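1. I'd like to go over a predicted model; first the sequence, then the structure.
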Amino acid sequence: MARTGTAALAMLAVVVAGVAVAAKPGPRPPTAQGAFTDNLDALDSTRWARADGWKNGSPFDNGWRADHATFADGVLDLRLDDVPTLGEPYASGEVRTNGYYGYGCYEASFRPARASGAVSAFFTFAGPYDNGGNGKHNEIDVEFLGYDTTRVQFNFWTNDDGYASRNEALVDLGFDAADAFHAYGFKWTAAGIAWYVDGNLVYQASDSATNPTPKAGESLQKIMLNLWPVDATASAWAGTFQYPGQPLHARYDWVRYTAGADCAVTGNPPPPPPPAGDPTTIHVHELAPALDARATQVIVKATIVDGQGRPVADAAVNGAWSGAITSGDTARRTDASGVATFYSARLRTPGTVQFCVTAVARSGLTYAAAANLETCDSITK
């Protein structure tokens with residue numbers, strides 16, 4: 001449930017004193033955005049905007065604050081608390097895409113808040129203030145009504161500025177969604193909408209002349225995630241909200257959109273993003289010295305990785321011995337796991353032995369000695 005919009009695109013003729021005057025044209029419809037996957041590790045401001053400094057009005061009993069939508073530990077956290085905001089008793093968080101999307105598959109992994117009167121949502125939306133094309137209210141919902149998070153509600157609105165249609169469907173999950181992350185999604189096509197839980201089809205709504213589903217040709221939609229408390233006008237729907245004395249949280253792990261009617265809602269988590277760092281550099285990740293069974297020889301395993309932390313095979317590693325033992329292997333190559341193994345000469349007398357890497361080389365890669373986590377290590381025998 002949401003609100004927003006500008007005037008629909010149209011060219012109107014106004015007759016003034018018998019003279020036809022062309023009215024100013026309305027805004028152009030937006031361009032449909034392409035596929036994306038977002039692991040929600042941090043705010044991608046090219047894709048998302050945080051709601052901040054406004055309120056929706058009834059039945060929302062909150063104002064939106066950007067600091068109530070935070071990214072940490074690999075998830076987006078939407079917080080609902082009792083900070084008075086814009087004349088409302090509560091504050092909460094919402095993020096919405098900057099662009100608009102059409103037919104395709106929409107998926108998100110999240111954990112809703114468990115509390116009567118609290119709504120946790122993943123949905124698409126367009127309307128008078130977020131105009132996806134025709135300026136009318138179009139919406140497709142995955143919503144949790146916090147009084148019972150063992151069920152999920154699916155819904156849609158088509159060109160319905162008066163919220164007159166009734167398409168809600170409550171579906172039993174067989175688990176409590178507030179206990180763990182699960183994937184929820186829907187496939188939107190001209191033929192209708194199909195909703196999924198963890199990649200399994202659980203509900204469908206078919207397009208019909210008497211009850212049409214939204215059409216991308218009429219209005220594209222933004223993707224939105226939010227958490228909000230209902231006021232008294234919506235308590236019969238979502239339950240009466242009473243602040244529990246501490247903040248409520250809805251947490252989102254990832255969001256994915258796949259464009260086109262041939263897409264598939266899989267529920268599978270996306271692969272983790274590639275690690276940061278320069279893949280063209282190499283460095284020493286670890287030196288692990290150990291003694292043989294008789295404590296007469298030192299064995300050092302040197303692990304070489306690239307700038308993204310991946311093991312580097314067939315790297316030439318050079319080193320030098322010092323201390324109680326000054327000779328042994330000084331040149332070895334790394335194996336498939338990025339480890340080069342060096343053996344010292346044998347010595348029965350006790351003492352401290354040190355091994356230092358003096359050089360690392362691999363064709364096409366640059367040795368970044370300053371990035372070494374270890375360059376020398378020692379062991380006492």
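-> Cool, the structure landed.
2. so Asp306 touches Gly277, yeah?
-> Yes. With contact defined as C-beta atoms under 8 Å, Asp306 reaches Gly277; the gap is 7.5 Å. All C-beta atoms are positioned from the backbone trio N, CA, C, and that covers glycine.
3. Low-confidence bits of the stretch 201-350 of the chain, can you list those?
-> Within the stretch 201-350 of the chain, no range satisfies pLDDT under 70.
4. residue ranges for the helices of it, please.
-> 235-238 (DSSP state H, counting those that start in this stretch).
5. So which residues of it form strands?
-> Along the stretch 201-350 of the chain, the stretches classed as strands by DSSP state E, counting those that start in this stretch are 222-229, 248-259, 281-291, 298-306, 316-323, 331-333, 339-343.
6. Is it possible to get CSV of the ones you listed that adds distance to Arg65?
-> Listed next are the strands of the stretch 201-350 of the chain as CSV, based on distance: least, C-beta to C-beta, whole Å:
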stretch, distance to Arg65
strand 222-229, 12
strand 248-259, 14
strand 281-291, 42
strand 298-306, 42
strand 316-323, 53
strand 331-333, 57
strand 339-343, 50
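7. okay if I get these as TSV plus distance to Asp61 and mean neighbour count?
-> Below are the strands of the stretch 201-350 of the chain laid out as TSV (distance: least, C-beta to C-beta, whole Å; neighbours: other C-beta atoms under 10 Å):
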stretch	distance to Asp61	mean neighbour count
strand 222-229	5	26
strand 248-259	13	22
strand 281-291	52	19
strand 298-306	52	22
strand 316-323	64	18
strand 331-333	66	15
strand 339-343	59	18
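8. Name all residues that make contact with Lys187.
-> By C-beta atoms under 8 Å, 6 or more residues apart in numbering, the contact list for Lys187 reads 104-106, 193-194, 196, 263-265.
9. Asp81 versus that one, what's the distance?
-> From Lys187 over to Asp81 the distance is 35 Å, taken as C-beta to C-beta, to the nearest Å.
10. same question, Tyr196
-> For Tyr196, the distance to Asp81 (C-beta to C-beta) stands at 32 Å.
11. Which one's more surrounded, those two?
-> Tyr196 (22 against 17; other C-beta atoms under 10 Å).
12. The more buried one in helix, strand or coil?
-> Of the three states, Tyr196 takes strand under DSSP: H, G, I helix; E, B strand; the rest coil.
13. Just to check, it is in contact with Asn268?
-> No. Tyr196 is beyond contact range of Asn268, at 11.4 Å (criterion: C-beta under 8 Å).
14. shared neighbours of the two, which are they?
-> Ala183.
15. quick one on the thing from earlier: got the contacts of Lys187 as JSON lines, with distance to Thr210 columns?
-> Shown next, in JSON lines, are the contacts of Lys187 (distance: C-beta to C-beta, whole Å):
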{"residue": "Gly104", "distance to Thr210": "26"}
{"residue": "Cys105", "distance to Thr210": "26"}
{"residue": "Tyr106", "distance to Thr210": "25"}
{"residue": "Ile193", "distance to Thr210": "16"}
{"residue": "Ala194", "distance to Thr210": "20"}
{"residue": "Tyr196", "distance to Thr210": "26"}
{"residue": "Cys263", "distance to Thr210": "27"}
{"residue": "Ala264", "distance to Thr210": "29"}
{"residue": "Val265", "distance to Thr210": "27"}
